[in-house]
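Participant: give me a 3D structure for the following:
(one chain, ligands or ions: 1)
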Amino acid sequence: MEDFIQVAQEEDVAEGKLLPLVVEGELICLARYEGQIYAFTDNCTHISGPLNEGGLEGCAITCPWHRAQFDVRTGKVLRGPARQDLMTYPVKVANGSIYISLPPEE
Ligand code: FES
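Facilitator: The predicted model follows:
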């Protein structure tokens, strides 16, 4: 059973918006697309650009540094220069709160 951590309120993330968070020392970004909340690392896999400062168009987030694009639903690279997909985190919404699950420490 995965442990979910409460990280924000549902109203904190409007449609098409990004919300940066620090959760247990990890930089994480939340995004809302078509009503669903998605969570992924806030560090671009190219050279760690801050994705929350980029733009969200549809399901595609664009890194502000060199314009790499990722699908916020899956973390998949849509456009280089990044070549590695983003790490994504499971999200649950319950009673107006957003919860995410971090992978276990190695
Ligand atoms: S750091 Fe994101 S594209 Fe270069």
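Participant: pull the residues that contact the helix or strand encompassing Arg32.
Facilitator: Following DSSP states H and E, the helix or strand that holds Arg32 is strand 26-33. The contact list for strand 26-33, computed with Cβ atoms under 8 Å, 6 or more residues apart in numbering, reads 7-8, 12-22, 37-43, 50-52, 56, 58-59, 61, 72-73, 89, 91, 98, 100, 102. The way it works is simple: take the backbone N, C-alpha and C, and place the C-beta from them, glycine included.
Participant: next one: stretch 63-72
Facilitator: 31, 33, 38, 40, 44-47, 49-51, 53-56, 59-62, 76-82, 85-86.
Participant: how about the strands in the chain?
Facilitator: Using DSSP state E, the strands of the chain run over 5-9, 18-23, 26-33, 36-41, 55-57, 60-62, 69-71, 77-79, 88-89, 91-94, 97-100.
Participant: going through the contacts of strand 26-33, which ones are buried?
Facilitator: 7-8, 13, 18-19, 21, 37-43, 51-52, 56, 59, 61, 72, 89, 91, 98, 100, 102 (16 or more other Cβ atoms under 10 Å).
Participant: list the contacts for the residue most central in space within the chain?
Facilitator: Nearest to the mean C-alpha position of the chain, by Cα atoms, centre = their mean, lies Phe40 at 2.9 Å. Taking Cβ under 8 Å, 6+ apart, we find Phe40 in contact with 28-29, 31, 51, 70, 72, 75, 86-89.
Participant: same question for Val93.
Facilitator: Contacts of Val93 (Cβ under 8 Å, 6+ apart): 10, 37, 99.
Participant: the ligand next: which of these are close?
Facilitator: Restricting the contacts of Val93 to those within reach of the ligand (Cβ under 6 Å from any ligand atom) leaves nothing.
Participant: closest one of those residues to Asp3?
Facilitator: Checking those against Asp3 with Cβ to Cβ, the nearest one is Tyr99 at 9.3 Å.
Participant: out of everything not next to it in sequence, what's closest to that closest one?
Facilitator: Excluding its sequence neighbours, the residue lying closest to Tyr99 (Cβ to Cβ, 6 or more residues apart in numbering) is Phe4, at 3.8 Å.
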